[in-house]
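Colleague: Take this sequence and fold it.
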Amino acid sequence: MSVKSYHFIAIGGAIMHQLAIHLHRMGHQVSGSDDVIYDPAKTNLSNHGLLPKIEGWNKGNIHKGLDAVILGMHAKDDNPELVEAKRLGIKIYSFPEFIYEQSKNKTRVVIAGSHGKTTTTSMIMHVLKAAKIDFDYLVGAKIEGFDYSVKTSEEASIVILEGDEYLTSPIDRRSKFLHYHPDYAVITGIAWDHINVFPTFDEYLETFRKFIRTVHKKLFFYSKDEDLIAMTKEIIGQKAFPYNALPSKVENDQTFVIHNQKSYPLHIFGEHNMANLSAAFHICTELGVNEETFFELIQSFNGAANRLELIKDDVERKITYYKDFAHAPSKVLATVDAVRKQYPKRKLVAALELHTYSSLQANFTSHYAHTLDNSDIACVFVDNEALKIKNKAPIETDWIKEQFDNQALEVFSDKNKLEAWLQKEITDNSVILLMSSGHWGGMDLKKVAS
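Modeller: Numbering: from 1, shown residues only. Just a heads-up that it's a prediction; the model follows:
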């Protein structure tokens, strides 16, 4: 391996800092800059000696000794370091372009979709590792058994990539997954998201149409998604293969997946996870994993971080706490439904933080109508500090109730009041479900579950 010199513009990104650490650990020379870096990226970079000494941009970081600059989405197109890199003619990659460059001679598997892609990717990674099949990867969450979220190598002949439809970089407005050109792909389903980038649903669908055209061999898609059915017929015909949720049963709060009349106990649950499991099964068998081996190995899969992640289980009082990354309406609906079916005899307390740009848009929030109805009691939290950052005025309680079409809904903007309400509602024989892509205004979830 020849040692290269890389500079990361916006090194503090969730994947950017992981890629920087990975390249550093491989022996390459790595530098980086950012205008602000939060944990866990800040601590991770510091632990590897990669944390920039000062925050901000400095064109002096860019010099002809660099082999390449890797550009993050957080930077702007007039970033002084980017401008200098262009002036000097230094090769500029976005991270998906760089990942493709490292994997263009490998069998590429891309997991895409509006929801479930991290979990599906994690399932595949778990099984391949347990089956002792070498592979590279890129995944958007912390996965048990893997120290980092990205790995590239010269040895592995397979790469598993979580394919994000969000924008590539400030100078490339295409979706990230359009750079990967997969041999095999999955689309878990399509539900309108990122309305700041895709202001209409058809524009959102169009980027998936483009992705489908990049698949070389086989695309597996969720059979109950009408938009996917139409797309696959229209675009690639015989390359498209539908999949359904695998059959399962729940006994005494335990989910079993059923295959060839044999039941396998799982740590995961929910119809959406049985669909994710089906997608992972198809990919793993394409990559050489025996069917029965797949089901034997998936029994030890505990899920991805923040995806229906078990915080605490008080067996004596029958109080179970979960946190979930659910934020889009379809994700919220699927998560609440999954927990309801897993614990049909328990009181279900559901709390949702509206945090993303889309969720706080007046023309989008109504999509959350009835998403919390399957809980026994529910609340919505909106952090006023997050609203200020997004230059938005405080949201009225009555408006939130109207958008959710739920007058019994509790609405909070103060984390202390939210915490007090949760403590009051936590009773024996209950499940507490906390859904957010944000930070609950700094609320300590471990304290809530204490």
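
Colleague: Tell me, what's the model's pLDDT at the closest residue in space to Asp172 that isn't next to it in sequence?
Modeller: Spatial nearest neighbour of Asp172, excluding adjacent residues (CB to CB, 6 or more residues apart in numbering): Ser94 at 5.7 Å. From N, CA and C alone the C-beta is placed, and that goes for glycine too. Listed pLDDT for Ser94 reads 95.

Colleague: repeat for the one 10 residues further on
Modeller: Note for Lys104: predicted pLDDT of 93.

Colleague: about what we covered before: ok, now which ones touch the residue nearest to Asp172?
Modeller: Contacts for Ser94 were tallied using CB atoms under 8 Å, 6 or more residues apart in numbering; they are Ile70, Leu71, Gly72, Met73, Thr168, Ser169, Asp172, Lys176, His179.

Colleague: same deal with Ile235?
Modeller: Ile235 neighbours (CB under 8 Å, 6+ apart): Arg209, Ile212, Arg213.

Colleague: how about 6 Å then?
Modeller: Applying CB atoms under 6 Å, 6 or more residues apart in numbering, we find Ile235 in contact with Ile212.

Colleague: and if you look at the one 10 residues further on?
Modeller: When the contact criterion is CB under 6 Å, 6+ apart, the partners of Ala245 are Glu271, Met274, Ala275, Ser278.

Colleague: lowest confidence element among the helices and strands of the chain?
Modeller: helix 384-389 (a mean of 74; mean pLDDT, DSSP states H and E).

Colleague: Which helix or strand lies directly C-terminal to it?
Modeller: Downstream of helix 384-389, the first helix or strand assigned by DSSP states H and E is helix 397-404.

Colleague: Just the CA trace of that next one, in CSV.
Modeller: What follows is helix 397-404, C-alpha atoms only, in CSV (Å, rounded to 0.1, in the frame of the first residue of the first chain):
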residue,chain,number,x,y,z
THR,A,397,-49.8,23.3,21.2
ASP,A,398,-53.2,23.4,19.5
TRP,A,399,-51.5,23.4,16.1
ILE,A,400,-49.5,20.2,16.9
LYS,A,401,-52.7,18.5,18.1
GLU,A,402,-54.5,19.4,15.0
GLN,A,403,-51.7,18.1,12.7
PHE,A,404,-51.6,14.8,14.6
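
Colleague: Please list the residues outside whatever helix or strand comes next after that helix that contact it.
Modeller: For helix 397-404, the following helix or strand on the C-terminal side (DSSP H and E) is strand 410-412. Applying CB under 6 Å, 6+ apart, the contact partners of strand 410-412 are Cys379, Val380, Phe381, Thr397, Ile400, Leu418.

Colleague: what about burial for these, which qualify?
Modeller: Among the contacts of strand 410-412, those classed as buried by 16 or more other CB atoms under 10 Å are Cys379, Val380, Phe381, Ile400, Leu418.

Colleague: Mind picking the one among those that's closest to Ala369?
Modeller: The nearest member of the buried ones among the contacts of strand 410-412 to Ala369, counting by CB to CB, is Ile400 at 11.2 Å.

Colleague: same question for stretch 405-425, mean pLDDT?
Modeller: Per-residue scores along stretch 405-425 average to 92.

Colleague: picking up where we left off before, arrange the contacts of Ser94 in a markdown table, one row each, with pLDDT and secondary structure as further columns.
Modeller: Conversion of the contacts of Ser94 to a markdown table gives the following (pLDDT from 0 to 100; DSSP: H, G, I helix; E, B strand; the rest coil):
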| residue | pLDDT | secondary structure |
| --- | --- | --- |
| Ile70 | 98 | strand |
| Leu71 | 97 | strand |
| Gly72 | 94 | coil |
| Met73 | 89 | coil |
| Thr168 | 92 | strand |
| Ser169 | 91 | strand |
| Asp172 | 92 | strand |
| Lys176 | 96 | helix |
| His179 | 97 | helix |
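
Colleague: farthest pair in these?
Modeller: Gly72 and His179 (14.5 Å).

Colleague: For Ile258, give its distance to Leu277.
Modeller: The gap separating Ile258 from Leu277 is 11 Å, by CB to CB, to the nearest Å.

Colleague: ugh, wrong one, I meant Gln102
Modeller: Distance of Gln102 to Leu277, given as CB to CB: 29 Å.

Colleague: Run through the helices of this protein in chain order.
Modeller: All helices of the chain, identified by DSSP state H, fall at 14-25, 41-47, 80-88, 95-103, 117-130, 201-213, 226-235, 271-286, 291-298, 329-342, 384-389, 397-404, 415-425, 445-448.

Colleague: Lowest average pLDDT across the ones you listed?
Modeller: helix 384-389 (a mean of 74).

Colleague: what sits up against it?
Modeller: Outside helix 384-389, the residues that touch it by CB under 6 Å, 6+ apart are Pro394, Ser413.

Colleague: buried set for the least confident helix or strand of the chain?
Modeller: Applying 16+ other CB under 10 Å to helix 384-389 flags Ala386, Leu387 as buried.

Colleague: Quick one: distance of that helix to the chain centre.
Modeller: The chain centroid and the centroid of helix 384-389 are separated by 23 Å under CA atoms, centre = their mean, to the nearest Å.

Colleague: what do you get for stretch 211-230?
Modeller: From the chain centre to the centre of stretch 211-230 is a distance of 19 Å (CA atoms, centre = their mean).

Colleague: can you check stretch 354-363 too?
Modeller: 18 Å.

Colleague: mind giving me the domain ranges of this structure?
Modeller: 5-90, 98-298, 309-448 (automatic domain parsing).

Colleague: measure the last one end to end?
Modeller: In other words, domain 309-448. Taking CA to CA, to the nearest Å, domain 309-448 runs 15 Å from one end to the other.

Colleague: Please apply the same query to the longest one.
Modeller: With CA to CA as the measure, the first residue of domain 98-298 is 31 Å from its last.

Colleague: do the same with the shortest one
Modeller: Distance between the two ends of domain 5-90: 11 Å, counting by CA to CA.

Colleague: Distance of Phe269 relative to Phe412?
Modeller: The gap separating Phe269 from Phe412 is 28 Å, by CB to CB.

Colleague: And for Arg346?
Modeller: As judged by CB to CB, Arg346 and Phe412 stand 23 Å apart.

Colleague: Quick check: buried residues in stretch 350-364?
Modeller: Within stretch 350-364, the residues scored as buried using 16+ other CB under 10 Å are Ala350, Ala351, Leu352, Glu353, Leu354, His355, Thr356, Ser358, Ser359, Leu360, Gln361, Phe364.

Colleague: Widest-spaced pair of those?
Modeller: So, those by CB to CB: farthest apart are Ala350 and Gln361, at 21.8 Å.
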